[in-house]
Structure formats: structure tokens, C-alpha cells
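I would like the atomic coordinates for the input below:
(one chain, ligands or ions: 1)
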Amino acid sequence: MYKIAIIGGGVVGGMIARAMSKYEGKLVILEKESDVAMGQSKANSGIVHAGYDPEPGSLKARLNVRGSQMMEEVCRQLDVKYRRNGTLVVGFDDRDMKTLEELLERGRRNGVEGLEIIDGDTARKMEKNLSRKITGALYAPTGAVVCPYELTVHSIGNAMDNGAELLTDFEVTSIVTREADERGEDLFYEISARDGRKIQAEVVINCAGVHSDEVAKFAGGRPFSINPRRGQYLLLDKEAGGLVDATIFRTPTVMGKGVLAVRTVDGNILLGPTSEDIDDKEDKSVTAEGLASVIAKEAEFFDSIPLDKVITQFTGLRAHGDTGDFVIESPQKGFINCAAIESPGLSASPAIAEMVEKILLEAGAAGKIKADYQPEVKGIVRFKNMTTEEKNDLIAKNPSYGRVVCRCEEITEGEILDAIHRNPPARDIDGVKRRTRAGMGRCQGGFCMPSVAELLSEELKIPFEKVTKSGKGSEITFERTKTGGEK
Ligand SMILES: Cc1cc2nc3c(=O)[nH]c(=O)nc-3n(C[C@H](O)[C@H](O)[C@H](O)COP(=O)(O)OP(=O)(O)OC[C@H]3O[C@@H](n4cnc5c(N)ncnc54)[C@H](O)[C@@H]3O)c2cc1C
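Numbers count the residues shown, from 1 in each chain. Model (predicted):
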């Protein structure tokens, strides 16, 4: 019997796992995919929102502002890239300027510090490539950027280092409430996976992203539904990194915050996302119309966009709920929903974990604090960022750091081996990519993918043909055409 089972290995499940791994009692994370960070937490803008956007008094507002205050320290502890680059919400006419005034007022009510309205010229002094048509902007100095999948992977790694277990390919299909004593005072939950595995837990925490409404139904409570809202992006090579540094937003509409332009923590330019309500919770396709609409909207920000530097495009699906706010509540003893966590869920994630920890402490559902709890993680060595002397020392100790596998991002074999063997272990090519950036550069893995697959095959002791790009069914080869000398 587990003390706590967390359903969903996204950033919310990860942050909660990390917070609760501090206490004694077995904890397990159940994830339907073959790796963590496969839902919204993989494909988003990576912005730590300042907190001027959500409705005052909402959970979104409170947890966004608190999460944004916590994020820098959390990233330090988890060795995750974080940059406080500030946010500019730009306006083009009097109507936009009125909206910016409203945002300023809302931000102040939410407790966001340092907000100010600036004129177009001041905005262009900050960001030289902004269009001359911009008449003013709301400046939020506390806005920041993080690497969202690194934050997710490291939070779950930290929980695992502190004893948490991770079960992947575990798609929860049923949860049955059981009574441990005759009076029905001690409940526990039996959780079943699609493949027939079953586990039991005293506490269930539902962090299932776009599927969190379906998981919530197992415990009853107030009904709500999640409608996937698609966001498509274009990612530009680091060569285009001079386009912008701060995060640039259009004034928001009812469909959300609109498109943005930002330099990511890794130095790429990210453009998007679209905001499209769709029916299919798994449809992560990218469409020509979607990308064309991103380009048209981004053209309002800049006179010229180096579109010849686009290296990839991707889609994320927002868990858009019909209640208008995050759903964080306990519909029955030992069951907590963290549902409808759309934007600003990444920013709010440390604060969501803090709130859930408090709920569990108040319910007496947390054990004693472990004497050997370790809140910090040391990330994978970034060979590329070392001095020549440091590189030489490292290679002398471990020659695998002397072999560069991904040339675009300068990622060594040593870093890839570390990703395969640390918590949570990389099991496929995209898992290695999210942890090390091998394959994230200009050639998008065209050069290094076979070498990464070889390393996975050797280290996991599986045939090369069984190595997958991203979980079951995504094998990249079928059989060997050359067998090393055999005819
Ligand atoms: C396009 C887009 C842009 C965004 N931009 C930002 C931003 O800039 N800043 C910000 O703060 N927020 C942003 N967000 C929101 C943010 O990404 C999310 O709020 C956050 O990632 C939510 O994390 P989560 O763990 O709740 O969900 P997810 O990351 O979706 O994780 C849920 C996990 O549950 C698993 N799962 C689902 N069903 C089951 C099941 N039955 N059994 C087992 N596992 C299951 C999924 O596979 C998934 O791994 C954006 C979101 C999108 C899509």
C-alpha cells in the first residue's frame, strides 16, 4: 500500500511529488506515457508570468503570484535554467492602452510588484526590434522564463532521489474506493491501469492535465469538464536570438493572452501560440493555417522576422476547464484534484504544491519529515558551458565527456549516459533530448539520433531495433540491412 499516489508526471505532479517526498511513507507517480513531461509541461511558452492577468481573488491569481515569487529559489534548488527577462504587453491604439490600464490595476490588486505603463519609445529602448506602431506597453519586471520540461524532470528526479517511485506506461483507467475498517472511516483507493496492473494508496492526487476531468469522476464531487485548447508554435535557431529578450505579449482577449515572442532560457526564439478549441485531447498536430496565423500576428510586433531560421514547430494542448479557474479541492477524504491547470499553471506549480502539502498536513495525511530529505538536485553537467581547463579535467576523469555526440548543441556522450542512468531515467530518444538537448539544435537530431539510439541500445541492453523515439510504437528502425560482414 502506498501512502500517496500521484496521477500525472507533469510539472504539477512533479512539484507535489517533490514536496511530499519530504515525508515518510511510500509515494508513487503514475504516468500514462513512457516518460514524464509528456503533456502540457513539455509544450508551453516557459513563461513565469508576473500575475497581472488572472482575475483577482481567483486561485489562478493567488497561486500565480506566489509561484512566481517562489520560482527562482526552486530553480536554484533543482538546478533548472531560469532568467528574469521581464514582460512587455504591447498596445497599438487607445483601446489597447485602456486594456493595459486595466491589467495594471488588476496586477496591483493581485500583488504584482514593479508594474508600470511605458510609452512606445521606452519599450523600443528596451527592445530595439519592436515595431514603430507600438504606442505603449505594460512592463512587468518580475516576468521570467524557465525550461518547463527541465523543471518537470528535475522535480520528479528530486522526488525519486528522496524515495518516490515512478511507474510509466501506467494509464489509470479505474479508481475504486475501499474501506479498510467496518465503520468506513479508513478509506483507501485501488487504482488500475489499462494493462491490468493495480496498486493501492491511502491518498490519490489527480494531476492528469487534459484528462483530469475524467480522473476526477472516480471520486465524484462537483462536475467540471476540460476542453483541450491547442497552441501551435514556431521555434527559431539561436542565430535569431537577437530578435528579442523580454517576453512580448499582445493585449489579451477572451481566448487568452494571445501570441507572444520570447527568447527561451536556451537562447532560441519562440513564437506563438495559437489558441484553438478542439475536440481531441491527444491531437498534437501542427497545421499550416495555425502557423500562418502565428506569423501574421507576430508581424505586428516586429517589422521583420527571420523566418529562414525556423528549426521546428510543435503543439501543446491546454487543459482548459469550464469553471474559469484551477480546480484544486478534495471532493472526498484522501482524494485531491489538481485539475484544469492551464496557464499560468507552470508559474503556479510550486505554489500549487505548497497548497496541496498544506491540505494533506491539515488532514493528518502526511508522515514525519525524513531525516535525510534532500531538497536539491545537481543537474547533468553542461560540458559546453565549462572552461577549457574544466573540460580537460572532466575528460581525464571520464573519457566519455571527450566524445561529442550532438554537434549543434555540443552534447557529449557523458551527458547522455548520465541522462540514461539518473532519476528519472531517459528511456527513449526524446527522453534524452529533453534532459540533455541532444537533438534540439539546428539539425533537430538529423546527425546525432543514430548515435543516441546506439547508446540507448547499449545501456538499456535492448536491440537497436527496439529503441524508440518516444515510447511504444515509435521504433525508428525495423531490421538491420548490414550485419557487419555477413552476406
Ligand atoms: C500552449 C501552452 C502554453 C502555455 N504557456 C504557459 C506559460 O508560458 N506559463 C505558464 O505558467 N503556464 C503555461 N501553460 C500552462 C502549463 O503548461 C500547464 O499549466 C502545466 O504544464 C500543467 O501541468 P500539469 O502537470 O497539470 O499537466 P500536464 O503537464 O499535462 O501533465 C499531466 C500528465 O498526466 C498524464 N496523464 C493523463 N491522464 C492520465 C491517466 N489516466 N493515467 C496516468 N497519467 C495520466 C499525462 O500523460 C501528463 O503527463 C501553457 C500551456 C500550453 C498548452
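
residue ranges in the protein under the pLDDT threshold?
182-185, 254-256, 485-487 (pLDDT under 70).

and it, which residues reach the ligand?
Neighbours of the ligand within the chain, by CB under 6 Å from any ligand atom: 7-13, 30-33, 38-41, 44-47, 49, 170-172, 207-209, 211, 215, 231, 273, 316-318, 341-347. The way it works is simple: take the backbone N, C-alpha and C, and place the C-beta from them, glycine included.

just the buried residues from the residues you listed, in PyMOL please.
Of those, the buried ones can be selected in PyMOL as follows, counting by 16 or more other CB atoms under 10 Å:
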select buried, resi 7+8+9+10+11+12+13+30+31+32+33+38+39+40+41+44+45+46+47+49+170+171+172+207+208+209+211+215+231+273+316+317+318+341+342+343+344+345+346+347
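
which of the residues of the chain next to the ligand fall in helices?
11-13, 215, 345-347 (DSSP state H).

which one of those is nearest to C448?
C448 lies nearest to V11 out of those, by CB to CB, at 26.7 Å.

surely that closest one meets H154?
No - with contacts counted by CB atoms under 8 Å, V11 stays clear of H154, the gap being 10.2 Å.

which residues are common contacts for those two?
Counting by CB atoms under 8 Å, 6 or more residues apart in numbering, V11 and H154 have no common neighbour.

tally of neighbours for E105?
Burial of E105, expressed as a neighbour count using other CB atoms under 10 Å, amounts to 13.

equivalent analysis for L63, please.
28.

now it: how far from the ligand?
When distance is defined by CB to the nearest ligand atom, to the nearest Å, L63 is 10 Å away from the ligand.

element containing that residue?
helix 59-78 (DSSP states H and E).

which is the next helix or strand following that helix?
Downstream of helix 59-78, the next assigned helix or strand under DSSP H and E is strand 82-83.

in its sheet, what does that next one sit against?
Its sheet considered, strand 82-83 pairs with strand 144-146 (antiparallel) by DSSP bridges.

and for the strand it pairs with, what's in contact with it?
46-48, 68, 71-72, 75, 80-85, 247, 262-265, 346.

re the thing from before, next step: the residues of the chain next to the ligand restricted to strands.
Residues of the residues of the chain next to the ligand located in strands (DSSP state E): 7, 30, 47, 172, 231, 316-318.

farthest-separated two in the residues you listed?
Largest pairwise distance in these, by CB to CB, is 29.8 Å, between I47 and V172.

quick one, strands of the stretch 51-200 of the chain?
For the stretch 51-200 of the chain, applying DSSP state E, counting those that start in this stretch gives strands covering 82-83, 87-91, 116-119, 136-140, 144-146, 165-167, 172-179, 187-193, 198-206.

dump the second one to CSV, keeping only the CA atoms.
Put plainly, it is strand 87-91. C-alpha atoms of strand 87-91 as CSV (Å, rounded to 0.1, in the frame of the first residue of the first chain):
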residue,chain,number,x,y,z
THR,A,87,7.4,41.1,-19.8
LEU,A,88,6.1,43.7,-22.1
VAL,A,89,2.4,43.6,-23.0
VAL,A,90,2.3,45.9,-26.0
GLY,A,91,-0.6,48.1,-27.3
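
quick one: list the elements packing against it.
Packed against strand 87-91 by the contact rule (3 or more CB pairs under 8 Å, 6 or more residues apart in numbering; DSSP states H and E) you find helix 94-110, helix 120-126, strand 136-140, strand 247-250.

centre of the chain versus the longest one, how much separation?
In this case it means helix 94-110. 28 Å (CA atoms, centre = their mean, to the nearest Å).

dump that helix to CSV, keeping only the CA atoms.
Coordinates of each C-alpha in helix 94-110 appear next as CSV, following Å, rounded to 0.1, in the frame of the first residue of the first chain:
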residue,chain,number,x,y,z
ASP,A,94,-6.3,53.9,-27.4
ARG,A,95,-8.4,50.8,-26.9
ASP,A,96,-5.3,48.7,-26.2
MET,A,97,-4.0,51.3,-23.8
LYS,A,98,-7.2,51.2,-21.9
THR,A,99,-6.9,47.4,-21.6
LEU,A,100,-3.3,47.9,-20.4
GLU,A,101,-4.5,50.3,-17.6
GLU,A,102,-7.0,47.6,-16.6
LEU,A,103,-4.2,45.0,-16.5
LEU,A,104,-2.1,47.3,-14.4
GLU,A,105,-4.9,47.8,-11.9
ARG,A,106,-5.6,44.0,-11.9
GLY,A,107,-1.9,43.3,-11.4
ARG,A,108,-1.7,45.7,-8.5
ARG,A,109,-4.7,44.1,-6.9
ASN,A,110,-3.1,40.7,-7.3
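
going by neighbour count, which residues of it are buried?
96-97, 99-100, 103-104, 106-107, 110.

kindly report the domain assignment for this structure.
Here the domain assignment for the chain is 2-41+149-225+323-362, 82-146+226-318, 383-466, based on automatic domain parsing.

ok, and what's touching the helix or strand harbouring L417?
Taking DSSP H and E as the definition, L417 sits inside helix 413-421. By CB under 8 Å, 6+ apart, the surrounding residues in contact with helix 413-421 are 380-383, 394, 398, 400-401, 403-405, 425-427, 431-432, 435-436, 438, 452, 455-456, 459-460.

got the angle for the following helix or strand past that helix vs helix 413-421?
Toward the C-terminal end, the helix or strand that comes next after helix 413-421 (DSSP H and E) is helix 429-436. Here helix 429-436 points in a direction 110 degrees away from that of helix 413-421 (axes from the mean of the first three to the mean of the last three CA atoms, to 10 degrees).

what residues of helix 429-436 count as buried?
Those would be 429-436, for helix 429-436 by 16+ other CB under 10 Å.

so A299 makes contact with A292?
No - using CB under 8 Å, A299 is not in contact with A292, being 10.8 Å away.

got the contact list for P56?
106, 109-110.

please repeat the previous calculation with a cut-off of 6 Å.
P56 sits next to 109-110 when contact means CB atoms under 6 Å, 6 or more residues apart in numbering.

now it: how far from E454?
Counting by CB to CB, to the nearest Å, the separation of P56 from E454 is 54 Å.

do the same with L63
44 Å.

so for the protein, the centremost residue is which one?
Geometric centre of the chain, nearest residue: S41, 2.5 Å, by CA atoms, centre = their mean.

only the buried residues of stretch 210-226, if you could.
Applying 16+ other CB under 10 Å to stretch 210-226 flags 210-216, 218-219, 221, 224, 226 as buried.

brain fart, stretch 351-361
351-357, 359-360.

could you do stretch 288-299 as well?
Within stretch 288-299, the residues that qualify as buried are 290-291, 293-295, 297-298, counting by 16+ other CB under 10 Å.

try stretch 174-188
175, 177, 187-188.

next, the distance between the ends of that stretch.
Terminal residues of stretch 174-188 are spaced 14 Å apart (CA to CA, to the nearest Å).

run the chain-centre distance for that stretch.
34 Å.

and the contacts of it?
By CB under 6 Å, 6+ apart, stretch 174-188 touches 189-192, 200, 202, 218, 333-334.

of those residues, closest to the ligand?
Using CB to the nearest ligand atom, I191 comes nearest to the ligand of the contacts of stretch 174-188, at 8.9 Å.

what sits against the closest one?
Taking CB under 6 Å, 6+ apart as the definition, contacts of I191 comprise 5, 172, 175, 199.

Y149 reaches T436, doesn't it?
No - taking CB atoms under 6 Å as the definition, Y149 is not a contact partner of T436, at 11.5 Å.
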